[in-house]
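Undergrad: build the 3D model from these lines:
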Amino acid sequence: MITKQVNEWDKVIQKYLFFYRDDFFELPYLSNSPQRMVNSITKIPVVQHKAVEQAIYTNSPFCTGVMHYRKIEEGLWILATNIKIEQNIIAKALYDEAEVSDYYFLSFSVFEYGFPTGNALTDKVMLLSKCWTFYKPKTVVSTYFYKGTTGKFCNLVFNKKWAEKNLSSQILDKGEELQKFLNRETGFLTWLDVVPNLDKMSNEIWKVLENNNKESFDLMNLKNEVCKTIITFFKTTLETSRIQEYKSLSNIDYSNVAKAEKIILHHLTSPFVGVEKIALDVHMSPTKLKAIFKSVFGSSMLQYHKEKNIQLAMQLIQKSDLQIKSIAIATGYESASKFTAAFKKRFGILPSEVLRPN
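TA: Just a heads-up that it's a prediction; the model follows:
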């Protein structure tokens, strides 16, 4: 959705804020620029804006948390959020067609959620979900946040001028390929966990942002951490062909592929529901859905289901005292032997060889 006038935003908020549809409450915001995003979020009735701190707080039945924002230099911002999700929420990046949209958003998230174990003594084990996304101007993005999850996500936001000045010189051998990708009309790609040490990067950035003292705020350290993160991301992702071969899709396609991912995650602990079923649910042909899903996520829907599923199994082994056969059942495998074979194929070791909690 693209709004026609800036002054219509209040009407959009009134009409769509926390509109309930398909088990999710909608949270719209404007994404033309980081400043416009901040301004649109401050208009949401359930938030409190503390301009001196450059922070937006919320404590509502939908979510609780804080978003810190900083303009690091011309063309480069960071918006970092620490949040607890109280209800299922879909955050929608919208645009005002009366304003220029020339900012790219690179986001990474580390979320924690409780997985039910069925054990009376420990009814759930806390697991991590990591994800990277990159989207270009005028790409309408729908992001699903699930009730009961807590964590941090950062938006590293830069415009084309900043990218041309700072990125190509740092990625000399791939600079031309990156520029071709950035010049395409729209774009949205996601990776499960593409950059090592994401937890450490996230914590370092957050430490700097939590310092609200203007006199001692370490802007140079923040700039260094943000630039290092952006460059590391592109150096890593450009080693594959996903960015180089990417073709722009329509905003309807991006919306449908987000719905498809939601369906997969909803049935993660069951056998894969099938491409045809998912395509029917998102009102798209199986052939087209398969193509756009692989373009956005870098794998087929079946492969995506398998990877998320086996990563879930690995965390359950590392962080719970559940028996291997119970984990096999919990992650939707027909037998412990099939689970063990899939695990060995993915990680190169048997489930019994993974270091378990004391």
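
Undergrad: going by C-alpha atoms from here, please, whenever you check contacts or count neighbours.
TA: OK.

Undergrad: what helices and strands are in contact with the helix or strand hosting L289?
TA: Using DSSP states H and E, L289 sits in helix 286-297. Here helix 286-297 touches strand 188-191, helix 251-266, helix 275-281, helix 301-319, going by 3 or more CA pairs under 8 Å, 6 or more residues apart in numbering; DSSP states H and E.

Undergrad: so where's the stretch 201-350 of the chain shaky on pLDDT?
TA: Within the stretch 201-350 of the chain, the segments meeting pLDDT under 70 span 212-215.

Undergrad: which secondary structure element contains the closest residue to L350 other than its chain neighbours?
TA: The shortest distance from L350 to any non-neighbouring residue, by CA to CA, 6 or more residues apart in numbering, is to K344 (5.1 Å). Following DSSP H and E, one finds K344 within helix 336-347.

Undergrad: would you agree F234 falls within a helix?
TA: Yes. Per DSSP: H, G, I helix; E, B strand; the rest coil, F234 lies within a helix segment.

Undergrad: pull the number of nearby residues for it.
TA: Using other CA atoms under 10 Å, the number of residues around F234 comes to 18.

Undergrad: try W206
TA: Around W206 there are 19 other residues, counting by other CA under 10 Å.

Undergrad: from the contact counts, what lies against the helix or strand hosting it?
TA: Using DSSP H and E, W206 falls within helix 198-209. Applying 3+ CA pairs under 8 Å, 6+ apart, one finds that helix 198-209 contacts helix 219-237.

Undergrad: which parts of the helix it packs on are buried?
TA: 219, 222-223, 225-227, 229-235, 237 (16 or more other CA atoms under 10 Å).

Undergrad: re the thing from before, roughly how far is the helix holding L289 from the heart of the chain?
TA: Computed by CA atoms, centre = their mean, to the nearest Å, the chain-centroid distance of helix 286-297 equals 18 Å.

Undergrad: please renumber the chain so that the first residue is 23 from this point on.
TA: Let's use 23 as the start, then, which means that last one is helix 308-319.

Undergrad: any chance you could list what contacts stretch 336-354?
TA: Outside stretch 336-354, the residues that touch it by CA atoms under 8 Å, 6 or more residues apart in numbering are 139, 147-150, 290-293, 331-332, 334-335, 356-358, 361, 373-374, 376-379.

Undergrad: out of these, which are buried?
TA: Among these, those classed as buried by 16+ other CA under 10 Å are 139, 147, 149-150, 290-293, 331-332, 334-335, 361, 373.

Undergrad: any idea how far K33 is from L52?
TA: Computed as CA to CA, to the nearest Å, the K33 to L52 distance reads 13 Å.

Undergrad: just to revisit the earlier point, so which elements touch the helix holding K366?
TA: With contacts defined as 3+ CA pairs under 8 Å, 6+ apart, helix 358-369 has these neighbours: helix 323-341, helix 346-352.

Undergrad: contact partners of that helix?
TA: Outside of helix 358-369, the residues within contact range by CA under 8 Å, 6+ apart are 332, 346-347, 350-351, 355, 371-373.

Undergrad: same question, stretch 78-89
TA: 64, 68-72, 77, 90, 101-111.

Undergrad: follow-up on the earlier one: just the CA trace of the helix holding L311, in CSV.
TA: Taking Å, rounded to 0.1, in the frame of the first residue of the first chain, the C-alpha atoms of helix 308-319 are listed here in CSV:
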residue,chain,number,x,y,z
PRO,A,308,2.3,-23.2,-7.5
THR,A,309,4.8,-22.5,-10.3
LYS,A,310,4.9,-18.8,-9.6
LEU,A,311,5.0,-19.2,-5.9
LYS,A,312,7.9,-21.6,-6.1
ALA,A,313,9.9,-19.2,-8.2
ILE,A,314,9.3,-16.1,-6.1
PHE,A,315,9.9,-18.0,-2.8
LYS,A,316,13.3,-19.2,-4.0
SER,A,317,14.2,-15.7,-5.2
VAL,A,318,13.4,-14.1,-1.8
PHE,A,319,14.5,-16.9,0.5
